[in-house]
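Colleague: how does the following fold in three dimensions:
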Amino acid sequence: MSLRLMLAGAMVLLISACGSARQVKRDARGGTISLHGERHESTKEAREMMLEHCRGPYQIIEEGPAGSSNGQWRLRYRCGQAPREIADPEDQTAPSPDDGYPQVPVFDAGVADAAQPPSTQE
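Modeller: Numbering: from 1, shown residues only. The predicted model follows:
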């Protein structure tokens, strides 16, 4: 085996062990990054790119194969904080008058005079 062939084989192994990231699409709200090679290294580079582009927090909204069988992977991201989860309304309690909120009478919408407050005269 020639030295040249061995060096070429060693270079192929070195290159395949490395990972890289490439910006595919980008706008003010986020973008798409294509990952190549070793996933850990390419993801690390992609995270640096997203952090720099968003100038702070970002959220990965989709991650998966790029559609071809060559091992490419794509990340779609959005700049900014992830939205907070909406609390379950069943878990929340209505504020009481003791919390500083005024007590408001509740009228039954099924009554004809529902728009009128109850009379206080006796």
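Colleague: number of residues surrounding residue 39?
Modeller: By other C-beta atoms under 10 Å, the residues close to residue 39 number 12. Every C-beta, even on glycine, is put in place using the N, C-alpha and C of the backbone.
Colleague: what does the one 4 residues further on give?
Modeller: Look at residue 43: counted by other C-beta under 10 Å, it has 18 neighbours.
Colleague: any idea how far it lies from residue 62?
Modeller: 14 Å (C-beta to C-beta, to the nearest Å).
Colleague: repeat for residue 26
Modeller: 15 Å.
Colleague: more neighbours: those two, which one.
Modeller: Each of residue 26 and residue 62 has its neighbours counted (other C-beta under 10 Å); residue 26 has more, 14 against 10.
Colleague: who's in contact with stretch 37-51?
Modeller: For stretch 37-51, contacts defined as C-beta atoms under 8 Å, 6 or more residues apart in numbering pick out 15-21, 23, 31, 33, 35-36, 58, 60, 71, 73, 75, 77.
Colleague: show me where the protein has its strands.
Modeller: Using DSSP state E, the strands of the chain run over 19-27, 30-37, 58-65, 73-79.
Colleague: list the contacts for the closest residue to residue 74 other than its chain neighbours?
Modeller: Of all residues beyond its chain neighbours, the one nearest residue 74 is residue 66 (4.7 Å), with distances taken as C-beta to C-beta, 6 or more residues apart in numbering. Residue 66 makes contacts with 34, 72, 73, 74, as judged by C-beta under 8 Å, 6+ apart.
Colleague: now do the contacts for the third one.
Modeller: Spelled out, that is residue 73. Applying C-beta under 8 Å, 6+ apart, the residues near residue 73 are 34, 35, 39, 42, 63, 64, 65, 66.
Colleague: would you mind checking which of the residues you listed is nearest to residue 54?
Modeller: Nearest to residue 54, judged by C-beta to C-beta, of the contacts of residue 73 is residue 63 at 16.4 Å.
Colleague: would you confirm that that closest one contacts residue 74?
Modeller: Yes: between residue 63 and residue 74 there is a contact under C-beta atoms under 8 Å: 7.3 Å.
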